[in-house]
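# Sequence first, then the predicted structure, then my questions.
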Amino acid sequence: MKKIILLFGVAVFAMSFTACKDNASNKIIMANVDNAAERDSNAKNLPEMSFDRTEFDFGTITQGTPQQTVFTFTNTGTAPLIITDAKSTCGCTIPEYPKNKAIAPGESGELLVKFNGSGQNQVTKAVTVTANTAKGRETLRIKAFVNPKNGAAASIPTK
């Protein structure tokens, strides 16, 4: 039994050295190398969103008074920009963005943000824009000081 195990071990050992006689560099297919190089260079070509501003202040508004603003952006990258989603932190703020439209490098677009004027006192809302950029997400902010609708003075908390 010991002889069989020893013989089997020697056979496996001998096969491990004979199986590697081929030079590994001879097995490389140049077409695959070229495809990989092209893929890697294309991966560096990404769109980039540059906004004219990332925050907008509506100032003092009366509660319930709808507001809106436009954020203008430019694709400063080297590939087409596609916005896949834009969401706000609550239902009182609605972003409208160019859906299913590729923005070519150097071109600009607009993102409309509507705020229904709800809340009281200082209100800040965030809009998260998801796109095919290196960062993947951009955050825009709107803010306003909302006075009560009945004309009563806004309650400012004191410490």
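Now that the structure is in, tell me what you want to look at.

# can you pull the pLDDT of the most centrally placed residue in the chain?
Most central in the chain under Cα atoms, centre = their mean is G136, positioned 1.5 Å from the mean C-alpha point. Per-residue confidence (pLDDT) for G136: 93.

# What are the boundaries of the strands in this protein?
49-51, 55-62, 67-75, 81-88, 93-96, 102-103, 108-115, 121-131, 137-147 (DSSP state E).

# Identify the residues contacting the fifth one?
The list of residues contacting strand 93-96 from outside it, by Cβ atoms under 8 Å, 6 or more residues apart in numbering, reads 86-88, 111-116, 125, 127, 129, 142. For glycine as for every other residue, the C-beta is placed from the backbone atoms N, C-alpha and C.

# follow-up on the earlier one: for the residue nearest to the centre of the chain, give me its contacts.
Residues in contact with G136 (Cβ under 8 Å, 6+ apart) are T130.

# Over to P98?
P98 sits in contact with I83, G109, E110, L111, where contact means Cβ under 8 Å, 6+ apart.

# how about a cut-off of 7 Å?
Going by Cβ atoms under 7 Å, 6 or more residues apart in numbering, P98 touches I83, G109.

# measure it to T72 for me?
12 Å (Cβ to Cβ, to the nearest Å).

# How far off centre is the longest helix anywhere in the chain?
Secondary structure of the chain per DSSP state H: the longest helix is helix 2-18. Relative to the chain's own centre, helix 2-18 is displaced by 56 Å; criterion: Cα atoms, centre = their mean, to the nearest Å.

# got any ranges where this protein has weak pLDDT?
14-27, 39-43, 151-159 (pLDDT under 70).

# Make CSV from the strands of the chain and add distance to N32 to it.
As requested, the strands of the chain are exported to CSV (distance: least, Cβ to Cβ, whole Å):
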stretch, distance to N32
strand 49-51, 34
strand 55-62, 48
strand 67-75, 32
strand 81-88, 29
strand 93-96, 43
strand 102-103, 30
strand 108-115, 38
strand 121-131, 31
strand 137-147, 34
